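Peer 1: Next come a sequence and a model predicted from it.
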Amino acid sequence: MQTPGDNGSPSPGNPGSRVGRVTSYNSRFITRLTKETLALVLAGGRGTRLQDLTRWNAKPAVPFGGQFRIIDFSLSYCINSGIRRIGVLTQYKAHSLIRHIQKGWGFLRGEFHEFIELLPAQQRVECSWYKGTADAVYQNIDIIRGHNPAYVLVLASDHVYKMDYGPMLARHVEQNADLTIGCIEIPLESASAFGVMKVSANNEILEFAEKPAQPQPIPGKPGTAMASMGIYVFSTAFLIEQLKRDAALGEQSTHDFGKDVIPRLLDHCRVYAYPFRQGDNNQMDYWRDVGTIDSYWQANMELVDVSPELNLYDDDWPIWTYQEQRPPCKFVFDDDNRRGMAVESGSQIRDSVILHGVVIGRNCRIKRAIIDSGAVIPDGTSIGEDPQQDSARFSVSPGGVVLVTARMLGQQEHFED
């Protein structure tokens, strides 16, 4: 493995130079590559599939795993990978997201050229808001030029995973690629929600279809598709050139990376896939899309397994976030039905995600539910036991998960976390 300042580290002008490898999260891949990279986190999506969880929050600001927000994962991977020049592109209902970043992500040192910049849609280039993922980056093209990075790492902010971006950057340089796309194998039946690609034996992308109605399986793996993780590494000059070409198409393009930019590159540019795998065992690593109620609930439930796939207690690869200074939990009763409880007496909570600020009354029964921040559950409430009754009062997902918000209970809405 290369270390910072190692003379063998690859450089933008020397793609053939020796490139180090990492085999686990206990190793860090920090070289001139990561230091010469600007990360742009796309955090402006509406997140409509999360229904009322994004009624007042942008999707990246939705809580996950207790104390974290979804965006904390993308930002943490940048910091842990040694990428400390980061722009967060915001648009939709971004107030709580902006507050969170201001409170919890102000520890970078400007004198060392480290920063997290908030880049709201502000019509810098055109008199319009962000039209698509490519347009969001294009409208900040002058900021990219001002920072003068050798590479631009474009990230989605609505997935939960754990990744060192250093090896992906090294592979991008090693293959002399114009664009490298992080990818992962997923079940074919769920592939229609993602960009699906066909790759050659050396991982060059041959075909790319954004959210196809009939996704093509991986050859030899009929039940599996190769899907984009929404992680792109561009050589900066190449990115700027392609953004300008896409912008010039006007209404002939939706100005989206997956729908427009990437498919146009395949015939004449060097576009490669970077499979997201665990070290040397060649197995696909942990990655979850948490963009629907069912997937959000399931990913949270996985965290309470005895040995969860996603380790939130990893000192070598921590997830950073803002935490309010609050007194610790206190359990003092030792009577029947009042022992070690976090809710009022007589209540039973099973397989549920309870966000902060929720109050659950006495003798409640809650199962397979998500209770949004600030909701007050009245005494004797039953949730998750009668689908017909739940559908009349709350929102029920295709998988049977019940979403409960303060508004659905006739209470004052919780505008921010």
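Peer 2: Perfect, I can see it now. Numbers count the residues shown, from 1 in each chain.
Peer 1: where in the chain is pLDDT low?
Peer 2: Low-confidence segments of the chain, defined by pLDDT under 70, are located at 1-30, 47, 123-127, 278-284, 325-342, 414-417.
Peer 1: Where do the domain boundaries of it fall?
Peer 2: Residue ranges for the domains of the chain, per automatic domain parsing: 32-302, 326-417.
Peer 1: can you pull the contacts of residue 90?
Peer 2: 43-44, 58, 97-98, 118-121 (C-beta atoms under 8 Å, 6 or more residues apart in numbering). In short, each C-beta sits where N, CA and C put it, glycine included.
Peer 1: Pick the one among those residues closest to residue 372.
Peer 2: Nearest to residue 372, judged by C-beta to C-beta, of those is residue 58 at 15.0 Å.
Peer 1: Just the buried residues of stretch 196-207, please?
Peer 2: 196-199, 203, 205 (16 or more other C-beta atoms under 10 Å).
Peer 1: For that stretch, output the C-alpha coordinates as PDB.
Peer 2: Written as PDB, here are the backbone C-alpha positions of stretch 196-207 (Å, rounded to 0.1, in the frame of the first residue of the first chain):
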ATOM      1  CA  VAL A 196     -28.000  -1.500 -15.500                       C
ATOM      2  CA  MET A 197     -24.800  -2.200 -17.400                       C
ATOM      3  CA  LYS A 198     -23.200  -4.900 -19.500                       C
ATOM      4  CA  VAL A 199     -19.400  -5.200 -19.100                       C
ATOM      5  CA  SER A 200     -16.500  -6.900 -20.900                       C
ATOM      6  CA  ALA A 201     -14.000  -9.300 -19.300                       C
ATOM      7  CA  ASN A 202     -11.800  -6.300 -18.300                       C
ATOM      8  CA  ASN A 203     -14.800  -4.400 -17.000                       C
ATOM      9  CA  GLU A 204     -15.200  -2.000 -19.900                       C
ATOM     10  CA  ILE A 205     -18.800  -0.900 -20.100                       C
ATOM     11  CA  LEU A 206     -20.400  -2.100 -23.300                       C
ATOM     12  CA  GLU A 207     -24.000  -1.100 -22.700                       C
END
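Peer 1: what does it rub up against?
Peer 2: Against stretch 196-207 from outside (C-beta under 8 Å, 6+ apart): 181, 183, 208-209, 212, 215-216, 225-228, 262, 266, 270-275.
Peer 1: The same query, at a cut-off of 10 Å, please.
Peer 2: Applying C-beta atoms under 10 Å, 6 or more residues apart in numbering, the contact partners of stretch 196-207 are 171, 175, 177, 179-181, 183, 186, 188, 208-212, 214-219, 225-228, 258, 262-263, 265-267, 269-275.
Peer 1: Just the buried ones from the residues you listed?
Peer 2: 171, 175, 177, 179-181, 183, 186, 188, 208-210, 215, 218, 225-228, 258, 262-263, 265-266, 270-275.
Peer 1: how about stretch 370-378: buried residues?
Peer 2: 370-375, 377.
Peer 1: Repeat that for stretch 294-309.
Peer 2: Buried, per 16+ other C-beta under 10 Å, within stretch 294-309: 295-297, 299-300, 303.
Peer 1: Please indicate which of the contacts of residue 90 are buried?
Peer 2: 43-44, 58, 97-98, 119, 121.
Peer 1: Just checking: what are the partner strands of the biggest strand by length in the chain?
Peer 2: Determined from DSSP state E, the single longest strand within the chain is strand 224-235. Note on strand 224-235: by DSSP bridges, its sheet partners are strand 151-156 (antiparallel), strand 179-187 (antiparallel), strand 195-199 (antiparallel).
Peer 1: For it, C-alpha coordinates in CSV please.
Peer 2: What follows is strand 224-235, C-alpha atoms only, in CSV (Å, rounded to 0.1, in the frame of the first residue of the first chain):
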residue,chain,number,x,y,z
THR,A,224,-28.5,-11.1,-11.2
ALA,A,225,-27.9,-7.7,-12.8
MET,A,226,-24.9,-5.4,-12.7
ALA,A,227,-26.2,-2.1,-11.3
SER,A,228,-24.7,1.4,-11.0
MET,A,229,-24.1,2.6,-7.4
GLY,A,230,-24.4,6.2,-8.5
ILE,A,231,-20.7,6.7,-7.9
TYR,A,232,-18.7,8.2,-10.8
VAL,A,233,-15.0,9.1,-11.1
PHE,A,234,-14.3,11.6,-13.9
SER,A,235,-11.1,13.1,-15.1
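Peer 1: so residue 399 touches residue 294, yeah?
Peer 2: Yes. Residue 399 lies in contact with residue 294 (C-beta atoms under 10 Å); the separation is 3.8 Å.
Peer 1: any chance you could map the helices in this protein?
Peer 2: Counting by DSSP state H, the chain has these helices, from start to end: 32-35, 70-81, 95-104, 133-138, 141-147, 165-174, 236-248, 262-265, 293-302, 387-393.
Peer 1: got the buried residues for the last one?
Peer 2: So the one you mean is helix 387-393. Under 16+ other C-beta under 10 Å, the buried positions of helix 387-393 are residue 390.
Peer 1: Which elements pack onto that helix?
Peer 2: strand 382-383, strand 395-396, strand 402-404 (3 or more C-beta pairs under 10 Å, 6 or more residues apart in numbering; DSSP states H and E).
Peer 1: what's the spacing between that helix and its chain's center?
Peer 2: Distance, stretch centre to chain centre, for helix 387-393: 31 Å (C-alpha atoms, centre = their mean, to the nearest Å).
Peer 1: Likewise for the second one?
Peer 2: Relative to its chain's centre, helix 70-81 lies at 9 Å (C-alpha atoms, centre = their mean).
Peer 1: quick one, it and strand 224-235 angle?
Peer 2: 60 degrees (axes from the mean of the first three to the mean of the last three C-alpha atoms, to 10 degrees).
Peer 1: Report the angle between helix 70-81 and helix 293-302.
Peer 2: Going by the same axes, to 10 degrees, helix 70-81 makes 60 degrees with helix 293-302.
Peer 1: And the third one, by the same measure?
Peer 2: Helix 95-104 and helix 293-302 meet at an angle of 30 degrees, taking the same axes, to 10 degrees as the criterion.
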